[in-house]
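Participant: Here is a sequence with its predicted model. Questions after.
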Amino acid sequence: NAGVTQTPKFQVLKTGQSMTLQCAQDMNHEYMSWYRQDPGMGLRLIHYSVGAGITDQGEVPNGYNVSRSTTEDFPLRLLSAAPSQTSVYFCASSRDDGGNQPQHFGDGTRLSIL
Amino acid sequence: GDSVTQMEGPVTLSEEAFLTINCTYTATGYPSLFWYVQYPGEGLQLLLKATKADDKGSNKGFEATYRKETTSFHLEKGSVQVSDSAVYFCALSDQRAYTNAGKSTFGDGTTLTVKP
């Protein structure tokens, strides 16, 4: 019963490096999203997807790319890491049911940019 | 756009005290409302939800009622335990199909500490 799996759990990068945060879900959910969590700011939506091959920008998309080639996977790419991207990143998935369904979250990736 | 406002924390209570965490929202559509809980080092977990006016969501002794007239969804528990110490998030999700897309709008979170 894995649910939403995020890897890695921790990562330290240098400014300018790139990396991919992995997210996989085994619940056959149509919707997937990426959020970042910063102290005192709740969760802010970065990108989201309503199905394989379809993605769109959220509230804070700059500096991040996503793709969704399968229902299960939704990786988040940092193109050129900046200290402002130091944060905790959460991937979430949910079922398509008219907004009544809750989101299921992974345990997060804690990312530090030096 | 949609927004969620939670009472500011942190909140510190003694065990068996009564808990209220206020949450109000603004939404252009007709939202579903959720409370999530986050324990240290973990992701958010659904605590309870309500999908229409006057619905009451409940779980593990926590309750919240969807009040459309006051646009509120306050979280309550009659007697808190040390194990309830966590961060609590109020959230909404638009029920309109063309804007839903599984997205949610979250409050800033309220940190609760319960002391023995």
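Facilitator: Received, thanks. Numbering: from 1, shown residues only, chains lettered A, B, ... in the order given.
Participant: in chain A, which residue is closest to the centre?
Facilitator: Geometric centre of chain A, nearest residue: A:W34, 2.8 Å, by CA atoms, centre = their mean.
Participant: residue contacts, residue 23?
Facilitator: Reading this off chain A. A:C23 makes contact with A:V4, A:T5, A:Q6, A:M32, A:W34, A:D73, A:F74, A:P75, A:L76, A:C91, A:G106, according to CB atoms under 8 Å, 6 or more residues apart in numbering or on different chains. C-beta coordinates here come from the backbone N, C-alpha and C atoms, glycine included.
Participant: Correction: the question concerned chain B.
Facilitator: B:4-7, B:33, B:35, B:64, B:72-75, B:90, B:107.
Participant: now do A:T109
Facilitator: Listed by CB under 8 Å, 6+ apart, the contact partners of A:T109 are A:Q6, A:T7, A:P8, A:K9, A:F10, A:Q11, A:L21, A:V88, A:Y89.
Participant: still on that earlier bit, let me have the contacts of A:C23 in CSV, extended by distance to chain B and pLDDT.
Facilitator: Converted to CSV, the contacts of A:C23 look like this (distance: CB to the nearest CB, whole Å; pLDDT from 0 to 100):
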residue, distance to chain B, pLDDT
A:V4, 7, 96
A:T5, 11, 96
A:Q6, 8, 97
A:M32, 7, 94
A:W34, 11, 96
A:D73, 16, 97
A:F74, 11, 97
A:P75, 17, 98
A:L76, 15, 98
A:C91, 9, 96
A:G106, 5, 95
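Participant: got JSON lines for these, with secondary structure too?
Facilitator: Output for the contacts of A:C23, formatted as JSON lines (DSSP: H, G, I helix; E, B strand; the rest coil):
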{"residue": "A:V4", "secondary structure": "strand"}
{"residue": "A:T5", "secondary structure": "strand"}
{"residue": "A:Q6", "secondary structure": "strand"}
{"residue": "A:M32", "secondary structure": "strand"}
{"residue": "A:W34", "secondary structure": "strand"}
{"residue": "A:D73", "secondary structure": "strand"}
{"residue": "A:F74", "secondary structure": "coil"}
{"residue": "A:P75", "secondary structure": "coil"}
{"residue": "A:L76", "secondary structure": "strand"}
{"residue": "A:C91", "secondary structure": "strand"}
{"residue": "A:G106", "secondary structure": "coil"}
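Participant: What ranges does chain B have for its strands?
Facilitator: Per DSSP state E, chain B carries strands over the ranges B:3-6, B:11-14, B:19-21, B:23-26, B:31-38, B:44-50, B:56-59, B:62-65, B:75-77, B:86-94, B:105-106, B:110-115.
Participant: Take those and write them to JSON lines, including mean pLDDT and distance to A:R110.
Facilitator: JSON lines is the format used below for these (pLDDT from 0 to 100; distance: least, CB to CB, whole Å):
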{"stretch": "strand B:3-6", "mean pLDDT": "94", "distance to A:R110": "23"}
{"stretch": "strand B:11-14", "mean pLDDT": "96", "distance to A:R110": "25"}
{"stretch": "strand B:19-21", "mean pLDDT": "97", "distance to A:R110": "26"}
{"stretch": "strand B:23-26", "mean pLDDT": "96", "distance to A:R110": "27"}
{"stretch": "strand B:31-38", "mean pLDDT": "95", "distance to A:R110": "14"}
{"stretch": "strand B:44-50", "mean pLDDT": "95", "distance to A:R110": "15"}
{"stretch": "strand B:56-59", "mean pLDDT": "97", "distance to A:R110": "28"}
{"stretch": "strand B:62-65", "mean pLDDT": "98", "distance to A:R110": "28"}
{"stretch": "strand B:75-77", "mean pLDDT": "98", "distance to A:R110": "27"}
{"stretch": "strand B:86-94", "mean pLDDT": "93", "distance to A:R110": "15"}
{"stretch": "strand B:105-106", "mean pLDDT": "91", "distance to A:R110": "19"}
{"stretch": "strand B:110-115", "mean pLDDT": "96", "distance to A:R110": "18"}
